[in-house]
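# All I have is the shape, not the residue letters:
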């Protein structure tokens, strides 16, 4: 795994724009994870949870929900960047979410990132936008690309 970026001040965040992050370690997307997500969201569409039917479907296997793949950005982000001297950080939202390729059950995925923007916000804070790409081992396209937005307040 690449070294994690450490940011400890508003100035450090502002100076980090353009910084490449990662990649993280690989994780395997299991049918159990997909089924648990289906239970949590109520989305039990057969392409996610019925291996027999999905094998004959358009992807040849069950695939992770797009929103499951998106949610894994929250797993990868703290592996890519950490904050020291942070009083408070909040998830402000996401922009430009895309799902270029399906993530099949059994696929190995990892996160790679880039700091694409940073700007001061009211109250002595800073807003950082980190683009996370969820890479699929052996695939030409990522499973998800999302611009995550966080608001940070340092000591």
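Received the coordinates, thanks. Predicted model only: the values in this text are computed from it and were never measured.

# Only C-alpha atoms from now on, for both contacts and neighbour counts.
OK.

# and for the longest helix anywhere in the chain, what are the contacting residues?
The single longest helix within the chain, with elements called by DSSP state H, is helix 31-41. Residues from elsewhere that reach helix 31-41, judged by C-alpha atoms under 8 Å, 6 or more residues apart in numbering: 43-44, 48-49, 62-65, 68, 105-106.

# which residues in the protein form helices?
10-15, 31-41, 46-49, 51-55, 66-71, 73-80.

# Just tell me which of those helices ends up closest to residue 129.
Closest to residue 129 of the helices of the chain, according to C-alpha to C-alpha: helix 10-15, at 10.0 Å.

# Spit out the contact partners of residue 2.
21-24.

# And stretch 95-106, end to end?
28 Å (C-alpha to C-alpha, to the nearest Å).

# any idea which of the contacts of helix 31-41 has the most stuff around it?
residue 62 (28 neighbours; other C-alpha atoms under 10 Å).

# Go ahead and confirm it touches residue 45.
No: taking contacts as C-alpha atoms under 8 Å, residue 62 lies outside contact range of residue 45: 9.9 Å.

# how about TSV for the helices of the chain, with mean pLDDT and distance to residue 144 added?
As requested, those are exported to TSV (pLDDT from 0 to 100; distance: least, C-alpha to C-alpha, whole Å):
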stretch	mean pLDDT	distance to residue 144
helix 10-15	98	24
helix 31-41	98	16
helix 46-49	98	16
helix 51-55	98	21
helix 66-71	98	6
helix 73-80	97	9
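
# Just the pLDDT at residue 1, thanks.
Looking at residue 1, its pLDDT is 61.

# right, and the helices of the chain - which one's nearest residue 122?
Among the helices of the chain, if distance is taken as C-alpha to C-alpha, the winner is helix 10-15, at 12.3 Å.

# before we move on, back to that, for the helices of the chain, which one sits closest to residue 87?
Per C-alpha to C-alpha, nearest to residue 87 of the helices of the chain: helix 10-15, 11.7 Å.
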